[in-house]
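S.K.: Please work out how this folds:
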Amino acid sequence: MSIKTLLATGLTLATLTAGTAQADQVKIGIAAEPYPPFASLDSSGTWVGWEIEVIDAVCAAAELDCVLTPVAWDGIIPSLTGQQIDAIMASMSITEERLKTIDFSDAYYNTPAVIVADKSMDIAPTPESLDGKIVGIQASTIHQAYAQEYFKGAEIRVYQTQDEANQDLFAGRIDATQADSIAMADFVGTEAGDCCEIKGAVADDPAILGRGVGVGLRKGDDALREALNAGIAKILADGTHAEITARYFSASIY
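M.R.: All right, here's what the predicted structure looks like:
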């Protein structure tokens, strides 16, 4: 089943009806900001990436007709609770703080948070090592919450996108950044990121960093959650998840 990008506003989309996992269309919210290799626009304006393929596969397995709906990251949860979208599949970690507002499906990937800095800098992924350093963080993420909790001796510089933080790291305007390990492995593998290296994973704190990435859902939207859980379970069991992952990564990210 294909994923259709939402091209026009004002469309009336039927929501999932109670008692059935079938829907006319389910609006899947993704972050409007590129986040390679998970989601980004290609030269033709089509969304591509690991997470885009997983969305397609989960929706097909769950027999849901899904439409991609790009939303600015910092407004994606309000868009869900305000019913502009029906679900969030945008590398959103399952955290206790978010669970106060929304529900989540089962996790469909889980990767550590890492510190990245210039190769020449002697930096470790610890509060002591980052004391006095300038650390770039994407706004409204688990990384911002973690940095503000643990890196109190550092200057935290907040960016709207991780790409902006990466650009300032390359330019030497910040000393380090914290982000997802897979996204940063993709960055350091590029010409722009050749300056830098992953210095290691930060100490885990499940209360802040969460329990993996899941689909964000409105409280009480149990039929859709069950349908998506069934879709996730199916692609994990039949090898589809591993097949998609192998096209992007050298190891499992589940």
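
S.K.: Quick one: end-to-end distance for stretch 150-163.
M.R.: 23 Å (Cα to Cα, to the nearest Å).

S.K.: what sits up against that stretch?
M.R.: 33-35, 73-74, 127, 130-139, 144, 147-148, 165, 168, 174, 177, 179, 183, 202-203, 205 (Cβ atoms under 8 Å, 6 or more residues apart in numbering). (C-beta placed from N, C-alpha, C; glycine too.)

S.K.: Write a PyMOL command that selects only the buried members of those.
M.R.: Only the buried members of the contacts of stretch 150-163 end up in this PyMOL selection, burial being decided by 16 or more other Cβ atoms under 10 Å:
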select buried, resi 33+35+73+127+130+133+134+135+136+137+138+144+147+165+168+174+177+179+183+202
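
S.K.: Helix, strand, or coil at Glu53?
M.R.: Judged by DSSP: H, G, I helix; E, B strand; the rest coil, the three-state class of Glu53 is helix.

S.K.: moving C-terminal of the helix ranked longest in the chain, what's the next helix or strand?
M.R.: As assigned by DSSP state H, the longest helix anywhere in the chain is helix 222-237. Of the helices and strands lying after helix 222-237 in sequence (DSSP states H and E), the nearest is helix 240-246.

S.K.: just how off-centre is that following helix within its chain?
M.R.: Once both centres are worked out by Cα atoms, centre = their mean, to the nearest Å, helix 240-246 turns out to sit 17 Å from its chain's centre.

S.K.: Take the contacts of stretch 150-163 and keep only those in helices.
M.R.: Checked against DSSP H, these include these in helices: Pro127, Leu130, Gln144, Ala147, Gln148, Ala165, Asp168, Ala183.

S.K.: And the contacts of the host helix or strand of Ile208?
M.R.: In the assignment (DSSP H and E), Ile208 maps to helix 206-209. In this structure, residues lying in contact with helix 206-209 by Cβ under 8 Å, 6+ apart are Ser93, Thr95, Glu96, Ala113, Ile142, Ala145, Tyr146, Glu149, Val202.

S.K.: Which parts of stretch 60-80 count as buried, going by neighbours?
M.R.: In stretch 60-80, counting by 16+ other Cβ under 10 Å, buried: 60-62, 64-71, 73, 76-77, 79-80.

S.K.: now do stretch 109-116
M.R.: Under 16+ other Cβ under 10 Å, the buried positions of stretch 109-116 are Tyr109, Asn110, Thr111, Ala113, Val114, Ile115, Val116.

S.K.: any idea how far Thr190 is from the one residue sitting closest to the centre of the chain?
M.R.: Computing the C-alpha centroid of the chain and ranking residues by Cα atoms, centre = their mean puts Ser91 first, at 1.7 Å. Relative to Thr190, Ser91 is positioned 19 Å away (criterion: Cβ to Cβ, to the nearest Å).

S.K.: which strand residues sit across from Arg157 in the sheet?
M.R.: Gly136 (DSSP bridges).

S.K.: go on, Ile198?
M.R.: Assigned bridge partners for Ile198, using DSSP bridges, are Val116.

S.K.: shouldn't Phe74 be in contact with Ser140?
M.R.: Just so we're on the same page, residue 74 is Asp rather than Phe. Yes. Counting by Cβ atoms under 8 Å, Asp74 touches Ser140, with 4.6 Å between them.

S.K.: Leaving out the residues flanking it, which one is nearest to Ala39?
M.R.: Gly49 (4.3 Å; Cβ to Cβ, 6 or more residues apart in numbering).

S.K.: All the helices of the stretch 1-150 of the chain, residue numbers only.
M.R.: Assigned by DSSP state H, counting those that start in this stretch, the stretch 1-150 of the chain shows helices spanning 50-61, 76-81, 96-99, 127-130, 142-150.
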